[in-house]
Every structure is written in structure tokens, then in C-alpha cells.
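S.K.: Coordinates only, no sequence provided:
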């Protein structure tokens, strides 16, 4: 997890968010992540405060015995990003969310519902608990995605080899 402040990073340098990672910034830049299959990208933006975050999460919820990898799970990543965004001047009441990914690319028996669907459902439930509206969504299907979050406009560009480009 990384926090980038406008005074500490180059304004135009894109910030890469890895798998099981998130970044929060007040800089005018792009947050990018690639390789979303069943993983979910969660973009949070507070346009009033100019604070933005992007997470690339793998699983719906952290186990009781957390392994310290909060960015790996929907529940702990959202809580972590919200904490860092409010520390950077954001206000939970003015934050909006966009989500993308959560594909069901693999048929796995014995684990119940598909992990992509569970990631999407977990994010919707937790964002609703925090009162954060989801203003854009590109989820589901059976294809991979890459994301670019433009922090100045909060536009989330969703790219897929088979589905083209979608801006939400």
C-alpha cells in the first residue's frame, strides 16, 4: 500500500498498482493496474478533496487471523484506502466508487460460487455499509481487464482484449 502526495511525486508519472495492492494519491496522475481476471479493481475518488485511490484485490474477505496483507482482500483494502484517503483530506461522505473486473474465468469445483462474483458482491456490500455510491461498474463476464484511473477527472478506463475500451 502506498500513499502518494502531490508534493512527493512527479505530477504526470503514472502510478502502478500491483496485484494485492492499492495506492492513494492527491497528485494529478493516473493510477493503473493490469491483469484483472476474477480480481476486482476498486476506484475511490473524492473530487472535492482531490484524493483518489485504486485497489487490485484478489479475495472477498480477510480471514480472522489476518496475514497482514490488507490489500489482498476486498474488506480490508476498502477500509485501508478509506483510512488513507481521510488522512489525506478526503471525506467519506463525498467519496464515490467505480468497480471493474470480477470475471468468472475459471470453473473450479468445491469452492462454491465463483470468486469473481463473490468479489463484486463483497465490494458492493461494504461500500453500501460506508454509504459510498457506486457510480460506475464494468464487472463480470469471462474476460480480463486492465484499468487506468485518471485522478483529475475520476474517469476509469477499462481495457479488454476482447471487449475493447470502456470509460466509466
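M.R.: Looks like it arrived, so ask away. In this text, all values refer to a predicted model and were calculated from it rather than measured experimentally.
S.K.: Okay, and the most centrally placed residue in the chain sits in which element?
M.R.: With distances taken as CA atoms, centre = their mean, the residue of the chain nearest its centroid is residue 42 (1.9 Å). Following DSSP states H and E, one finds residue 42 within strand 40-46.
S.K.: what's the answer for residue 84, then?
M.R.: helix 74-87.
S.K.: quick one: the helix or strand following that helix to helix 74-87, angle?
M.R.: Counting by DSSP H and E, the next helix or strand C-terminal to helix 74-87 is strand 96-101. Relative orientation of strand 96-101 and helix 74-87, computed by axes from the mean of the first three to the mean of the last three CA atoms, to 10 degrees: 150 degrees.
S.K.: The nearest residue to residue 127 once chain neighbours are set aside: how many residues sit nearby?
M.R.: Excluding its sequence neighbours, the residue lying closest to residue 127 (CB to CB, 6 or more residues apart in numbering) is residue 97, at 5.2 Å. Yep, even glycine has a C-beta here, placed from its N, CA and C like the rest. For residue 97, the neighbour count with other CB atoms under 10 Å is 24.
S.K.: give me every residue that touches residue 97.
M.R.: Residues in contact with residue 97 (CB atoms under 8 Å, 6 or more residues apart in numbering) are 42-45, 123, 127, 132-135.
S.K.: Nearest to residue 62 among the residues you listed?
M.R.: Using CB to CB, residue 123 comes nearest to residue 62 of the contacts of residue 97, at 13.6 Å.
S.K.: Go ahead and confirm that closest one touches residue 79.
M.R.: No. Judged on CB atoms under 8 Å, residue 123 makes no contact with residue 79 at a distance of 11.9 Å.
S.K.: Count the neighbours of residue 137 for me.
M.R.: Neighbour tally, residue 137, other CB under 10 Å: 17.
S.K.: which residues of this structure score low on pLDDT?
M.R.: Per-residue confidence for the chain (pLDDT under 70) gives these ranges: 1-12, 64-67, 106-113.
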